[in-house]
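[1] Any chance you can model this:
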Amino acid sequence: MGFVLRKTLSTILMPLPAALLMGTVGWVLWSRGKRKRLGQGMVAASLVGLALVSIEPVSLNAARLAEGGAEAFPGDSVDFVVVLGNGHVSDPDLPVTAQLHGQALYRLTEGVRIATAQPWARLVLSGYGGVDPKSNAQVYSELAVELGIPAQRLILEQRPTDTAQEAEYLEPVLRGRVFALVTSASHMRRAARLFRARGLEPVPAPTGHLAKTPGGFDLLGWVPSEDHLKRSQTAWYELLGLVWGRMRGDL
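    Sure, this is the predicted structure:
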């Protein structure tokens, strides 16, 4: 129940749903003539706010804040390469590369890249299935094998529903060992803190960076777009995750 409530609240607090909710409430107040000025202000604020988070300067800086300058894996020798779960849809009519969400594909391919360079390391794949018949770890493993990682090198952890549980369930395997922690750059700060809170020492291996500095001035970057909005939403989700983790005492 707590997991569902947490996911519902985090969804509502995303920029797009929050702006739509504020605009709808404002429109109701405006159209009914009660607190008309407040309603007009709420509609205006929702439109302006949504436009702002949908332009490149705002979304890029939000991504930089969330990622905190996450640098690439330094190449340290590790015993395990841990790939944290993300999302997937196990549609048998699609190639496995298309079944993974974009950030999940980034994570898995980075994990395979590191594991290929260090053939002594075990590849640990995490993630539950939710309503999907397959777990995220299972879909990860299918692609990892197709990319050349022997099945006997894989360790699957299919129980965790969030990052805190990933750190909890993987602690017995990773305690006292050197391991690369592979996740999205925007998620790395929170994930690394959760693992360190359990006495583990991950070597960060961020991927799927959103804060990519453009080569020059692009006027189109000031035009609201779906891509910029998505980047803002991802950054905001991670920043909310940091706040929530501190409130719970996990970080």
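
[2] and the residue of the chain most remote from its centre, backbone torsions?
    Distance from the C-alpha centroid of the chain peaks at Gly33, with 42.1 Å (Cα atoms, centre = their mean). Main-chain dihedrals, Gly33, degrees, to the nearest 10: phi 80, psi 0.

[3] Check the gap between Leu84 and Leu52 for me.
    Distance of Leu84 to Leu52, computed by Cβ to Cβ, to the nearest Å: 31 Å. (Each C-beta comes from the backbone N, C-alpha and C, glycine too.)

[4] Neighbour count: the two, which is higher?
    Leu84 (29 against 16; other Cβ atoms under 10 Å).

[5] How about the contacts made by the more buried one?
    Contacts for Leu84 (Cβ atoms under 8 Å, 6 or more residues apart in numbering) come out as 107, 126-127, 163, 166, 181-183, 187, 191.

[6] And Asp132, by the same measure?
    Per Cβ under 8 Å, 6+ apart, neighbours of Asp132: 88-90.

[7] Try it again at 10 Å.
    Contacts for Asp132 (Cβ atoms under 10 Å, 6 or more residues apart in numbering) come out as 87-91, 99, 138-139.

[8] now the helices: where do they sit in this protein?
    Per DSSP state H, the chain carries helices over the ranges 2-12, 15-31, 36-52, 56-67, 96-99, 102-117, 136-146, 163-174, 185-196, 226-248.

[9] Gln103 against Pro206, yeah?
    No. Between Gln103 and Pro206 there is no contact under Cβ atoms under 10 Å: 11.1 Å.

[10] Write the ChimeraX selection for whichever of the contacts of Asp132 are buried.
    Applying 16 or more other Cβ atoms under 10 Å to the contacts of Asp132, the buried members can be selected in ChimeraX as follows:
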select :88,90,99,138,139
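
[11] which of the contacts of Asp132 lies closest to Glu171?
    Gln138 (21.7 Å; Cβ to Cβ).

[12] Who are the contact partners of the closest one?
    Residues near Gln138 by Cβ under 10 Å, 6+ apart: 88, 90, 125, 127-129, 132, 156, 158.

[13] What of Thr116?
    81, 123, 147-149.

[14] ok, 6 Å please
    By Cβ atoms under 6 Å, 6 or more residues apart in numbering, the contact list for Thr116 is empty.

[15] residue ranges with poor pLDDT in this structure?
    When residues are selected by pLDDT under 70, those of the chain lie in 1-7, 214-217, 249-251.

[16] how is it carved up into domains?
    2-67+225-248, 80-207 (automatic domain parsing).

[17] tell me the most buried of the ones you listed?
    When the domains of the chain are scored by mean count of other Cβ atoms under 10 Å, the highest mean neighbour count falls to domain 80-207 (a mean of 19).

[18] For it, measure first residue to last.
    17 Å (Cα to Cα, to the nearest Å).

[19] Kindly report the same for stretch 9-19.
    Stretch 9-19 stretches 14 Å from its first residue to its last (Cα to Cα).

[20] Same question for stretch 175-191.
    16 Å.

[21] Export the contacts of Leu84 to TSV and append columns for distance to Gln40.
    Converted to TSV, those look like this (distance: Cβ to Cβ, whole Å):
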residue	distance to Gln40
Arg107	45
Ser126	48
Gly127	45
Thr163	41
Glu166	46
Leu181	48
Val182	48
Thr183	43
His187	38
Ala191	42
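
[22] That concludes my questions; thank you for your assistance.
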